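Enquirer: just to be clear, the model below is a prediction. Sequence and coordinates:
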Amino acid sequence: MKDPEALYFHGRFAHELSPCGDLPAYGDGPAWLGLALVPQFEHMAKVTRDGRYKWAAHRAFEYFRRFRLGDLAYVDARTS
């Protein structure tokens, strides 16, 4: 990875991720974008061979699995 702007962009989000996997919300935007960043963190870990990105991907996915997955509305098409 030779693009310094891409490294800065992904590094910033990896740095802002809390140990529990949550990202801070800024302004009136959506409160959580972490799941959208998981594939990007995984890709950056592969390209840069930097374990911090792998850690960030794992933390963000675990946060989603523990705290956000229950918020999704599940509709069974067979009973609708």
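Expert: Structure received. Being a predicted model, the structure only gives us computed values, none of them experimental.

Enquirer: what stretches of this structure score poorly on pLDDT?
Expert: Applying pLDDT under 70 to the chain flags residues 1, 29-32, 34, 70-80.

Enquirer: and the longest helix for it?
Expert: The single longest helix within the chain, with elements called by DSSP state H, is helix 34-48.

Enquirer: now do the following helix or strand past it against helix 34-48, angle only.
Expert: Reading on from helix 34-48 to the C-terminus, the next helix or strand found by DSSP states H and E is helix 51-63. If you take axes from the mean of the first three to the mean of the last three Cα atoms, to 10 degrees, helix 51-63 sits at 160 degrees to helix 34-48.

Enquirer: buried set for helix 51-63?
Expert: Neighbour counts over helix 51-63 (16 or more other Cβ atoms under 10 Å) mark 52-57, 59-61, 63 as buried. Glycine gets a C-beta too; all of them are placed from N, C-alpha and C.

Enquirer: and the longest helix of the chain, what's buried?
Expert: Neighbour-count burial for helix 34-48, counted by 16+ other Cβ under 10 Å, picks out 34, 37-38, 40-42, 44-45.

Enquirer: other SSEs contacting that helix?
Expert: Judged by 3 or more Cβ pairs under 8 Å, 6 or more residues apart in numbering; DSSP states H and E, the packing partners of helix 34-48 are helix 4-16, helix 51-63.

Enquirer: would TSV of those helices with distance to Asp28 be doable?
Expert: Listed next are the helices and strands packed on helix 34-48 as TSV, based on distance: least, Cβ to Cβ, whole Å:
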stretch	distance to Asp28
helix 4-16	18
helix 51-63	22
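
Enquirer: dump the longest helix of the chain to PDB, restricted to CA.
Expert: Taking Å, rounded to 0.1, in the frame of the first residue of the first chain, the C-alpha atoms of helix 34-48 are listed here in PDB:
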ATOM      1  CA  GLY A  34     -18.500  -0.100  12.100                       C
ATOM      2  CA  LEU A  35     -19.900  -3.000  10.200                       C
ATOM      3  CA  ALA A  36     -19.300  -1.200   6.900                       C
ATOM      4  CA  LEU A  37     -15.600  -0.900   7.900                       C
ATOM      5  CA  VAL A  38     -15.000  -4.500   8.700                       C
ATOM      6  CA  PRO A  39     -14.200  -5.600   5.100                       C
ATOM      7  CA  GLN A  40     -12.000  -2.500   4.700                       C
ATOM      8  CA  PHE A  41     -10.100  -3.300   7.900                       C
ATOM      9  CA  GLU A  42      -9.700  -6.900   6.700                       C
ATOM     10  CA  HIS A  43      -8.300  -5.700   3.400                       C
ATOM     11  CA  MET A  44      -5.900  -3.200   5.000                       C
ATOM     12  CA  ALA A  45      -4.700  -6.000   7.300                       C
ATOM     13  CA  LYS A  46      -4.000  -8.200   4.300                       C
ATOM     14  CA  VAL A  47      -2.300  -5.500   2.200                       C
ATOM     15  CA  THR A  48      -0.200  -3.800   5.000                       C
END
